[in-house]
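Participant: Structure, please.
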Amino acid sequence: MVGNIVQDLTNTTNTNERLIIQVHPDDNVIVAIKPLSKGAKLNIANREIELSEDITPGHKIAIADIKQDQGVIKYGYTIGKATQDIKSGEHVHSQNLATKLDGSESFHYSTQPDIPVVEKNCPTFNGYLRKNGQVGIRNEIWVINTVGCVNQAAKRITDLCRQKFAGKADDFIAITHPYGCSQLGDDLSNTKNILASMIQHANAGGVLVIGLGCENNQLSSLIASTTGLDKSRIRYYNSQEVSNEIDEGINCVEQLLAEMSNDVRTPQPVSKLSLGMKCGGSDGFSGLTANSIVGRITDKLTNYGGRVILTETPEMFGAEQVLMDRAQTKEVFQQIVELVDEFKQYFIKNNQPIYENPSPGNKAGGLTTLEEKSLGAIQKGGKAIINEVIGYGMKASLNPGLTLLQSPGNDAVSSTALAAAGANIVLFTTGRGTPLGFPVPTIKIASNSDLATRKAHWIDFNAGQILDSGLDVDECADKLFDYILEVASGKLTNNEINDNREVAIWKNGVTL
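Facilitator: A predicted model of the protein is given here:
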């Protein structure tokens, strides 16, 4: 399984000063770590390979002759087929490699995997225990609007409250969006489900919901759709029904602050944490460094009894069977099949090619086919057993294990869905970089040290040190886990410091 592939970097050719890496012993390509020049000679398993052209870091090099239509192997799996004969030492990319995916793929249920025993003596962090048993890592007030018409009111209220009530909450956050009016069908359901889940998030010590009054996403229906909500921690009103919606909002926030006045951080087991895993702007190193250590975090947290949520369904295409082999039961296996098929039908319904991926930025970073991108992307799920599959906008359970969440790969849409599903923190891996942040703390993990250095105000953790210093993958993951506990206990991430908190809702239906 993919989670076993990057156990360490023992396949790195140390004699070449960490210039390249062979991810798996069965691979017929290697990946350049540093820029390599035409004519350079590399020693691979006692065989000398001479490069026929310059190679950019993150890009692949053939280490054996590959015939046309033969499979190109990386991670120990086929990532596509050669579109022409490829000589040893040649650059392997879009000019000579294409996907093998054509829609004819079939899946099978193999056997029930061994369920790991949950470790009882787990580390702790300092969090906020809620009445429903959930634990928040922030004690913020969230101002959520039912419809885009009152976005500015929500922002105005939070701006004024940051001045008027400074220090009485961890922060005041406006969770705004342009939807809620004139929406029908799936669009309206998506908006309602995401917002209802956000209202119940443990990181919010208090929630103010502002409606307009005439929108399709009716305030009364939205509030009624929340379950297990501590009613003392929510206030709401329609702006059309009050004399001054700004003053009303500030009064409501003051009431919520009174309810929160006795909230304190207390030691909580990490089994109470929920993490969302996301990659965006991937490069050729993402699957080798950042996603690999995040996979170790998945294994570590689920073994301690925590919940991890994995999404980006189209970035499972080409690696579906690897995930399906980790389904806890045949029923869960079938739910994964339905999750994948549903998203493929979404493409077909909209007359779009299913396998048109990776993005231009991914390709520039060295990724060629969807299989290659997906095999690297799903490493964020580690080796954990998948025991839950949920729809878009739904909340994950509090039971230990790995949840698959239906959502597109778009950074903002999928990360919003992870937050709504209950993730206290989103671990966001990236090889290209992005300033995006979301309503929950978003730990940006760089796949390479150049990005971490250039964009230190974006990046929170550098996984590139695995390649630069030879740090063991597990040691790097342990350092990341310690940092996660610091964030859970109150340390601010760069997205919080920069006040980058975006919300995007999947729009796939009808607007009036």
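Participant: Report the spatially closest residue to Leu402, excluding sequence-adjacent ones.
Facilitator: Ala384 (4.0 Å; CB to CB, 6 or more residues apart in numbering). C-beta here means a position set from N, CA and C on the backbone, and glycine is covered the same way.
Participant: Next: Lys507.
Facilitator: Per CB to CB, 6+ apart, closest to Lys507 is Asp187, 5.5 Å.
Participant: Tell me how many other residues surround that neighbour.
Facilitator: 22 (other CB atoms under 10 Å).
Participant: Check which element follows the helix or strand it falls within along the chain.
Facilitator: Taking DSSP states H and E as the definition, Asp187 sits inside helix 185-199. With elements assigned by DSSP H and E, the helix or strand that comes after helix 185-199 is strand 204-211.
Participant: Other residues contacting the helix or strand following that next one?
Facilitator: Following strand 204-211 in sequence order, the next helix or strand is helix 219-224 (DSSP H and E). Helix 219-224 is touched from outside by Thr146, Lys192, Leu195, Ala196, Ile199, Val209, Gly211, Gly213, Ile234, Tyr236, Tyr237, Asn238, with contacts defined as CB atoms under 8 Å, 6 or more residues apart in numbering.
Participant: What residues of helix 219-224 count as buried?
Facilitator: Buried residues in helix 219-224, counted by 16 or more other CB atoms under 10 Å: Leu219, Leu222, Ile223.
Participant: Export it to PDB, keeping only CA atoms.
Facilitator: Extracted in PDB, the C-alpha atoms of helix 219-224 (Å, rounded to 0.1, in the frame of the first residue of the first chain):
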ATOM      1  CA  LEU A 219     -32.800  31.400   9.000                       C
ATOM      2  CA  SER A 220     -35.500  29.400  10.900                       C
ATOM      3  CA  SER A 221     -34.900  26.300   8.700                       C
ATOM      4  CA  LEU A 222     -31.100  26.600   9.100                       C
ATOM      5  CA  ILE A 223     -31.200  26.800  12.900                       C
ATOM      6  CA  ALA A 224     -33.700  23.900  13.000                       C
END
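Participant: pLDDT (mean, whole number) over that helix?
Facilitator: Per-residue pLDDT values across helix 219-224 average out to 95.
Participant: tell me how far that helix is from the chain's mean position?
Facilitator: Mean-position distance between helix 219-224 and its chain equals 29 Å (CA atoms, centre = their mean, to the nearest Å).
Participant: what mean pLDDT does the very next helix or strand once past it have?
Facilitator: Heading C-terminal from helix 219-224, the first helix or strand you meet, by DSSP H and E, is strand 234-238. Across strand 234-238, pLDDT averages out at 97.
Participant: what angle sits between strand 234-238 and strand 204-211?
Facilitator: 10 degrees (axes from the mean of the first three to the mean of the last three CA atoms, to 10 degrees).
Participant: so after strand 234-238, what's the next helix or strand?
Facilitator: Per DSSP H and E, strand 234-238 leads on to helix 245-260 as the next helix or strand towards the C-terminus.
Participant: which helices and strands does that following helix pack with?
Facilitator: Counting contacts by 3 or more CB pairs under 8 Å, 6 or more residues apart in numbering; DSSP states H and E, helix 245-260 is packed against strand 140-145, helix 151-164, strand 204-211, strand 234-238.
Participant: Now do that helix against helix 151-164, angle only.
Facilitator: Using the same axes, to 10 degrees: helix 245-260 against helix 151-164 is 50 degrees.
Participant: got a list of contacts for whichever helix or strand comes after helix 245-260?
Facilitator: For helix 245-260, the following helix or strand on the C-terminal side (DSSP H and E) is strand 266-269. Identification of contacts with strand 266-269 by CB under 8 Å, 6+ apart yields Cys122, Pro123, Thr124, Phe125, Asn126, Gly127, Tyr128, Leu129, Val135, Tyr304, Gly305.
Participant: What average pLDDT does the following helix or strand past strand 266-269 get?
Facilitator: Later in the chain than strand 266-269, the nearest helix or strand by DSSP H and E is strand 274-279. In this model, strand 274-279 has an average pLDDT of 96.
Participant: Starting from strand 274-279, tell me which strands it pairs with and how they run.
Facilitator: Sheet pairing of strand 274-279 (DSSP bridges) gives strand 307-310 (parallel), strand 425-430 (parallel).
Participant: Now do the buried residues in the longest one.
Facilitator: Yep, that's strand 425-430 we're talking about. Buried positions in strand 425-430, judged by neighbour count with 16+ other CB under 10 Å: Ile425, Val426, Leu427, Phe428, Thr429, Thr430.
Participant: Any figure for the gap between the second one and Thr493?
Facilitator: With the distance defined as CB to CB, to the nearest Å, Val426 ends up 9 Å from Thr493.
Participant: Common neighbours of these two, please.
Facilitator: The contact sets of Val426 and Thr493 overlap at Pro441, Thr442, Ile443 (CB under 8 Å, 6+ apart).
Participant: would you list those residues in a markdown table and tack on secondary structure?
Facilitator: Shown next, in a markdown table, are the shared contacts of Val426 and Thr493 (DSSP: H, G, I helix; E, B strand; the rest coil):
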| residue | secondary structure |
| --- | --- |
| Pro441 | coil |
| Thr442 | strand |
| Ile443 | strand |
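Participant: For those residues, give me a markdown table that also has pLDDT, distance to Asn410 and neighbour count.
Facilitator: Converted to a markdown table, the shared contacts of Val426 and Thr493 look like this (pLDDT from 0 to 100; distance: CB to CB, whole Å; neighbours: other CB atoms under 10 Å):
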| residue | pLDDT | distance to Asn410 | neighbour count |
| --- | --- | --- | --- |
| Pro441 | 98 | 20 | 27 |
| Thr442 | 98 | 15 | 28 |
| Ile443 | 98 | 19 | 24 |
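Participant: any idea which of the residues you listed is closest to Asp102?
Facilitator: Nearest to Asp102 among the shared contacts of Val426 and Thr493 is Thr442, at 36.1 Å by CB to CB.
Participant: Now do the closest one against Arg156, distance only.
Facilitator: For Thr442 relative to Arg156 (CB to CB), the value is 25 Å.
Participant: Just want the angle from the helix or strand hosting Gly376 to strand 425-430.
Facilitator: Assessed by DSSP H and E, Gly376 sits inside helix 370-377. Here helix 370-377 runs at an angle of 140 degrees relative to strand 425-430 (the same axes, to 10 degrees).
Participant: now for helix 370-377, which elements pack on it?
Facilitator: Applying 3+ CB pairs under 8 Å, 6+ apart, one finds that helix 370-377 contacts strand 77-82.
Participant: quick one: Cys279 and Leu310 touch, right?
Facilitator: No: look at Cys279 against Leu310 with CB atoms under 8 Å: they stay out of range, at 10.3 Å.
Participant: The residue lying closest to Gln334 once chain neighbours are set aside: neighbour count?
Facilitator: Once flanking residues are discounted, Gln334 sits nearest to Tyr109: 7.8 Å by CB to CB, 6+ apart. Burial of Tyr109, expressed as a neighbour count using other CB under 10 Å, amounts to 16.
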